[in-house]
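J.: Here is a sequence with its predicted model. Questions after.
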Amino acid sequence: MGRDTRELAGAWTTFQQHSFADPSPDLAPYVERYWMVSWDYEAPYRQLIVPYPNVHLTFRDTGAAVHGVASRHQMRVLDGQSAVFGVAFRPGCFRPFLGAAVATITDRSLPATEVFDPALPDPPTVETVERFLRDCAPVPDPRAAEAADIVAMIAARRELTRVDGLARRCGMTVRQLQRLFAEYVGIGPKWVIRRYRLHEVTERLAAGATIDWAELAVDLGYADQAHFVRDFKRMFGESPTWYAGRYGA
């Protein structure tokens with residue numbers, strides 16, 4: 001089966017426009033970034049969306065929704081002209097807004113009015129959304145900040161490849177760490193470690209690097225290349241070499 005040429009070598013930039021904005025300092029403990037995407041497709045396009053441990057609040061013409069952490073890749077069909085404004089919450093920091101374990105919304109989307117006041121911002125802009133978030137700002141939760149710091153450490157430290165090693169570094173048992181992640185992040189520490197190690201693959205592809213897949217598998221802590229490929233396909237929905245085509249490799 002042939003590939004859609006619109007997904008190859010960065011061709012998506014012809015049809016989509018993306019922009020990002022940082023949160024104001026008072027909201028930075030909760031919000032990682034704001035994102036805006038618009039598209040214009042004459043024929044339907046299957047957009048691959050790869051997962052990260054963020055909860056998102058999105059606004060579009062069909063309404064506002066909260067999206068829990070996705071445990072695997074998703075495909076969204078983009079057709080015609082449309083746009084979305086999104087809030088990416090820091091991993092671990094949506095728990096104070098939700099008032100329940102973040103694991104309860106993993107792999108789920110729900111109307112934003114089930115979490116937030118019905119008076120949602122319209123139109124959604126950085127200014128109106130920030131005003132809205134301030135109006136419903138929760139009581140600070142030190143455990144949310146702790147969870148966010150641990151996720152940030154995973155992202156920054158390539159040597160962290162095992163949950164038991166992470167637990168020791170955090171002064172916790174593995175079980176305590178797993179409970180913290182279920183309550184605040186919405187997905188387990190093993191998944192988060194694997195996701196950020198695989199993120200290093202996409203960073204290298206985006207930089208145009210030539211990759212020795214077997215060597216990279218070992219570098220990322222995998223026992224062999226086959227194990228690495230299985231993990232990659234489970235997370236991204238396609239093999240590393242197939243995915244590399246999105247960057248022109």
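T.: Thanks, I have the structure now. Residues are numbered from 1 along each chain as shown.
J.: Can you name the next helix or strand after the longest strand along the chain?
T.: As assigned by DSSP state E, the longest strand anywhere in the chain is strand 31-49. Downstream of strand 31-49, the next assigned helix or strand under DSSP states H and E is strand 56-60.
J.: And that following strand, what does it pack against?
T.: Strand 56-60 sits against strand 63-67, strand 74-89, with contacts defined as 3 or more CB pairs under 8 Å, 6 or more residues apart in numbering; DSSP states H and E. (C-beta placed from N, C-alpha, C; glycine too.)
J.: Put together JSON lines for those strands, with mean pLDDT on each row.
T.: Formatted as JSON lines, these follow (pLDDT from 0 to 100):
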{"stretch": "strand 63-67", "mean pLDDT": "96"}
{"stretch": "strand 74-89", "mean pLDDT": "97"}
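J.: Return the most buried member of those strands.
T.: Highest mean neighbour count of the helices and strands packed on strand 56-60: strand 63-67, a mean of 18 (counted as mean count of other CB atoms under 10 Å).
J.: List the neighbouring strands of that one plus their orientation.
T.: Using DSSP bridges, the strands paired with strand 63-67 are strand 56-60 (antiparallel), strand 109-111 (antiparallel).
J.: T241: which of these is closest?
T.: Closest to T241 of the strands paired with strand 63-67, according to CB to CB: strand 56-60, at 29.3 Å.
J.: List the buried residues of the closest one.
T.: 56-59 (16 or more other CB atoms under 10 Å).
J.: from those residues, which is closest to R76?
T.: T58 (11.3 Å).
J.: mind listing what the closest one touches?
T.: 64-65, 67, 84-87 (CB atoms under 8 Å, 6 or more residues apart in numbering).
J.: Can you tell me the closest non-neighbouring residue to it?
T.: G86 (4.7 Å; CB to CB, 6 or more residues apart in numbering).
J.: try Y52
T.: R195 (6.7 Å).
J.: Is that neighbour in contact with N54, as I believe?
T.: No - applying CB atoms under 8 Å as the test, R195 and N54 come out as separate, 10.8 Å apart.
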